[in-house]
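Participant: I would like to see how this sequence folds:
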Amino acid sequence: MSSTHDRIKYVGGSIFHGCKVVWGSLNKFLPSGLVQKVKTEPMSFGLPISQKVNTEPTSFRLPISGLCNLMYLNLSNCNLGEGAFANELGYFPSLVTLNLSGNNFVRVPLGIRLLSKLEKFNLENCKRLQELSDLPSNSRLDLRADGCTSLKYLFDASNLNRLNKSFFNFINCFNLNGNEGCNNIAFEMLKIFMYQGISNKRETFQIVIPGSNIPEWFSHQSVGCSLSVSLPVHWNNSRFLGFALCAVFVLHEHHPVDKLYIDEFKTFNATHHLLCCLKLDGKELEVYGRQPAFRFSEEFCQVESDHLWLFYVSCDKYFGTEWWHNSCSQLEFSFETRWPGLKVKECGVRLIYEQEVQELNQTNTQSSSRMSPYADILIGFDSPVAGETSGTGSTTCMLEEL
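Facilitator: Sure, this is the predicted structure:
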């Protein structure tokens, strides 16, 4: 670093390519007076991404003096190995974004649970990562572990209890199959999240994971990228919680990264988008960018097979309450893709009511939890369900009144 100006830019979050990093005390890199500035103002700090990555893992001690207000920390592609952080992460209580992608540790660093404000956690392309045993203690979390091909073990399900809004990306994490299969892992996480939402309203849960089948529990299923649900009069009652949706997608065309448009976000880039749109009686719901969506990038991780996108959205928290006051007889869900080669093969949806979530929580297997959808839930609202049909393409699934 040749000048004070360069040092200030560096601490402010600029990325330097092709530099050597010598860790010691951060004070060595700071001009006089800047340490105090870091203490009092939110700052970001990034390490340079070398053009040539050393294959031997390294470890170092994070400089902690004066960085208690640090909000953004980018340590991507720094060749960090096991025990790289010791216990230093606890000294960064203000972290909102942490990027550890492209490193070489086997387990997530100690102290992650102490980061109560961490919302965005990037572990993409950590090829040696085997265990993700803990999560930050925040109620909102966007965790990306795409390309972690050695990942076998996830956090205890009790970690989901504190999450109000969560996103989990596990693209190409094929070792998560284990004995149960990725579909069951995703479904179990969804079940726990929905159950916690009965007493404490939750906003949304999303997970992307290898898989090629819609779980049978999704009562309305369709081949293709859209489906419709016809509803009885009193479907929207005090026991209604929201929607659970699922889509199987594949990337059947691969393009050179330099030919793709890349969206740049704080902790990751995106080359492809998949989102879910909702129509009420044929009219598209205006949610001003809040519709369920996920993004991923083929810059470092090509999607190699079918994947499952499974998510839950609360009706009140996600879409607002105004539109529920109007009568609605038909819902149409459609999955839209952005950028080339991305295709939705099939999709499913289930309306979620409080009673069935309670019953679902008492079961241990997916097959035993499959109930006749809505039949008992609408009792007392003069709208029991007679049956349903499902098919292929843009299918209508009927819920008929007796």
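
Participant: would you map the helices across this protein?
Facilitator: Per DSSP state H, the chain carries helices over the ranges 4-11, 34-40, 182-199, 315-319, 354-361.

Participant: any idea of the mean pLDDT for the first one?
Facilitator: If I follow you right, that is helix 4-11. Regarding helix 4-11, the rounded mean pLDDT is 35.

Participant: likewise the fourth one?
Facilitator: When the per-residue pLDDT values of helix 315-319 are averaged, the result is 64.

Participant: and the protein, what are its domain boundaries?
Facilitator: Here the domain parsing of the chain from automatic domain parsing is 1-138, 181-402.

Participant: neighbours of E284, how many?
Facilitator: Residues near E284, counting by other CB atoms under 10 Å, number 12. Glycine gets a C-beta too; all of them are placed from N, C-alpha and C.

Participant: tell me who's in contact with it.
Facilitator: Contact analysis of E284 by CB atoms under 8 Å, 6 or more residues apart in numbering lists 277-278.

Participant: if we use 10 Å, what do you get?
Facilitator: E284 is in contact with 277-278, 291, 332, 334, counting by CB atoms under 10 Å, 6 or more residues apart in numbering.

Participant: who wins for neighbours among those residues?
Facilitator: Most crowded among the contacts of E284, counting by other CB under 10 Å, is L278 at 21 neighbours.

Participant: in this structure that one contacts L285, no?
Facilitator: Yes. Using CB atoms under 10 Å, L278 makes contact with L285 at a distance of 4.7 Å.

Participant: specify the beta-bridge partners of Q206.
Facilitator: Beta-bridge partners recorded for Q206 (DSSP bridges): F167, F311.

Participant: I'd guessed it sits against R144; true?
Facilitator: No. Between Q206 and R144 there is no contact under CB under 10 Å: 11.5 Å.

Participant: more neighbours, those two?
Facilitator: Between Q206 and R144, R144 has the larger neighbour count (other CB under 10 Å), namely 27 against 22.

Participant: gap between the more buried one and N69?
Facilitator: 25 Å (CB to CB, to the nearest Å).

Participant: one more: L360?
Facilitator: Counting by CB to CB, the gap from L360 to N69 is 43 Å.

Participant: neighbour-wise, which of those two wins?
Facilitator: Taking other CB under 10 Å, L360 and N69 do not tie; L360 has more neighbours (20 against 16).

Participant: can you tell me the closest non-neighbouring residue to F155?
Facilitator: L135 (5.3 Å; CB to CB, 6 or more residues apart in numbering).

Participant: give me the number of residues near that neighbour?
Facilitator: With other CB under 10 Å as criterion, L135 counts 23.

Participant: surely it touches D142?
Facilitator: No. Counting by CB under 10 Å, L135 sits too far from D142 to count as a contact (11.5 Å).

Participant: shared neighbours of those two, which are they?
Facilitator: Common neighbours of L135 and D142, counting by CB under 10 Å, 6+ apart, are 118, 121, 166, 168.

Participant: which residues are in contact with S334?
Facilitator: Per CB under 10 Å, 6+ apart, neighbours of S334: 224-228, 275-279, 284, 344, 347, 394.

Participant: can you report how many residues lie near the residue lying closest to V313 once chain neighbours are set aside?
Facilitator: Nearest in space to V313, with sequence neighbours left out and distances taken as CB to CB, 6+ apart, is T204 at 4.9 Å. Using other CB under 10 Å, T204 is surrounded by 21 other residues.

Participant: quick check, T204 in contact with C315.
Facilitator: No. Using CB under 10 Å as the test, T204 is too far from C315 to be in contact (11.0 Å).

Participant: and for these two, which residues touch both?
Facilitator: Residues touching both T204 and C315 (CB under 10 Å, 6+ apart) are G242.

Participant: list residues touching both of Q206 and R144?
Facilitator: With contacts taken as CB under 10 Å, 6+ apart, the residues that reach both Q206 and R144 are 167-169, 294.
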